[in-house]
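Chemist: kindly return the folded structure for what I paste below:
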Amino acid sequence: MILFQVNEPDVSAELFENEVLAINLSSGHYHSMRFSAVPFWLMISNGYTTDAAIAEIAKYYGIEESIIKEDFYSFLNELIKSQLLKERNSEMVQEIADFQTFCAGKYEKPLLENYMDMKDLILLDPIHEVDIIGWPNKIKTDKES
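Modeler: Predicted coordinates:
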C-alpha cells in the first residue's frame, strides 16, 4: 500500500478556513482545493491509507464507499499528476481528529482547481535559485566552484 505526503520542498500547502492552497514552486502552478477535497487532502497528505480516508469520508457523509472511491482516486490522480504529493518514506501517520470540521454541508466531489496565471512571477522569485541550505545561499555552478 502506498502512503503519501506533501511533495516538499517543491510544494507548499496551507489550509485557509475551508480551502487548501498549494503551490508547486517547480512548475509555478498553484492549486485550490475545496469541498470534500479538504478532508481528503488532510488525511492523505498526513499518511492515511486511501482505504482509511475513503471509509472516514463515506462514514461521515453516510454515502456508499464505492461512490467516494471513484471520486477519491480521480482526485488522487490529479494530485499526483500535478506533483503535489510524493510517496511517504515512513509509515508514521499523523491523526486528524477534527477532519469533520472541514466536511461542510452535503458531499460534493473533491475539486482540484489549477491556476497558471502567476507561473512567470512564481518562477522569477530568486528563492528558486538556492541550494538545500536555503536562502540566501545561491546554487553554485561548476564555474563558481
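Chemist: look up the closest residue to residue 67, ignoring the ones flanking it.
Modeler: residue 58 (7.7 Å; C-beta to C-beta, 6 or more residues apart in numbering). (Glycine included, C-beta is placed from N, CA and C.)
Chemist: how about the secondary structure of that neighbour?
Modeler: Assigned by DSSP: H, G, I helix; E, B strand; the rest coil, the conformation of residue 58 is helix.
Chemist: that one: how many residues sit nearby?
Modeler: A count of nearby residues for residue 58, using other C-beta atoms under 10 Å, gives 18.
Chemist: against residue 2, how distant is the closest residue in space to residue 3 that isn't next to it in sequence?
Modeler: Spatial nearest neighbour of residue 3, chain neighbours left out: residue 88 (3.9 Å); criterion: C-beta to C-beta, 6+ apart. Using C-beta to C-beta, to the nearest Å, residue 88 is found at 8 Å from residue 2.
Chemist: neighbour count: those two, which is higher?
Modeler: Legend: neighbour count by other C-beta under 10 Å for residue 88 and residue 2, higher for residue 88 (17 against 10).
Chemist: would you point out the helix or strand in the chain whose mean pLDDT is lowest?
Modeler: Ranked by mean pLDDT, DSSP states H and E, the weakest helix or strand in the chain is helix 119-124, scoring a mean of 50.
Chemist: if we can go back for a sec, doesn't residue 4 make contact with the residue nearest to residue 3?
Modeler: Yes - Residue 88 is in contact with residue 4 according to C-beta atoms under 8 Å; the separation is 5.7 Å.
Chemist: list residues touching both of the two?
Modeler: Common contacts of residue 88 and residue 4 (C-beta atoms under 8 Å, 6 or more residues apart in numbering): residue 47.
Chemist: list the contacts for residue 44?
Modeler: 4, 50, 53, 76, 79, 85.
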